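Asks: Take a look and give me a structure for this.
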Amino acid sequence: MSNRTAAGLVAAWLVICAGASRADGAPVISVGPYTVSTTSPFLVPIVVSDAEPLIAWSFGLAYDPADLQINDPASLDLFGRPVTEGEFFAAGAPFNVLVPGVIVLDSNTFLQTGTLFGVEGSYGGFDPAPSGNGVLAYIEFVTTATGNGTSTIRVTAPSTTTAVPEPSAVLLLASALGACASRRLFTRHRASH
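Replies: Here you go, the predicted structure:
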């Protein structure tokens, strides 16, 4: 095995270990299907699809504040929140972490500007992190007095972190590369004598 080949293998493995997204299989975070209510709050699911063992995620939202708004936390009870955890990380409860993000308000009017940012979740379970498709979070919305809730809600700045290979897999690769290097040195040493 040439040094160039060994270096290429190591570089490829480091990319895999870093959890780099692959274009063909990167998890996708999007708005799931929901039913609008003009008379009461309604939940909008934020879903993930094609997730490999997912250990953390984050996203923001953009929406039309003239049509709908995130249900203001001030109007909820002591334990109510407009952002709640979905079922995707259910196996990690109660050790998961959910950061509900920040609803951006206009500095003069204190009305919503149509931006939610910094919603984050991380898996805290002892079982392996989940894979596949599911609901990451629910966002509670209400329509405005003049809105009907039909405007688009868009996910912004989605990010996912997948599980890295186990240390034993890294050791296995290191020992294989070491064996290749030893064989090459042995072959060179024999050829020179």
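
Asks: Please count neighbours and contacts with C-alpha atoms only from this point.
Replies: Will do.

Asks: Find the least confident helix or strand in this protein, judged by mean pLDDT.
Replies: None of the helices or strands of the chain scores lower by mean pLDDT, DSSP states H and E than helix 3-17, at a mean of 44.

Asks: Give the next helix or strand downstream of that helix.
Replies: Downstream of helix 3-17, the first helix or strand assigned by DSSP states H and E is strand 28-31.

Asks: Direction included, what does that following strand pair up with?
Replies: strand 42-51 (antiparallel) (DSSP bridges).

Asks: Now do the partner strand: everything it contacts.
Replies: 25-36, 86, 130-142, 162 (CA atoms under 8 Å, 6 or more residues apart in numbering).

Asks: and the residues you listed, which are buried?
Replies: Listed as buried from these are 26-27, 29-31, 36, 86, 130-131, 133-142, 162; burial here means 16 or more other CA atoms under 10 Å.

Asks: Where do the strands of the protein begin and end?
Replies: 28-31, 42-51, 54-62, 68-70, 83-85, 97-105, 112-122, 132-143, 154-162 (DSSP state E).

Asks: Tell me which of these is the most buried.
Replies: strand 68-70 (a mean of 24; mean count of other CA atoms under 10 Å).

Asks: show me what contacts the residue nearest to residue 154 when sequence neighbours are not counted?
Replies: In this structure, residue 154 finds its nearest non-sequential neighbour in residue 62, 5.2 Å apart by CA to CA, 6 or more residues apart in numbering. Residue 62 is in contact with 114-116, 153-156, counting by CA under 8 Å, 6+ apart.

Asks: Quick check: bridge partners of residue 62?
Replies: residue 115, residue 154.

Asks: Poorly predicted segments of the protein, please.
Replies: 1-25, 73-80, 164-193 (pLDDT under 70).

Asks: Just the terminal-to-terminal distance for stretch 105-119.
Replies: End-to-end distance of stretch 105-119 (CA to CA, to the nearest Å): 16 Å.

Asks: Need the residues that contact it.
Replies: Contacts for stretch 105-119 (CA under 8 Å, 6+ apart): 58-65, 69, 98-104.
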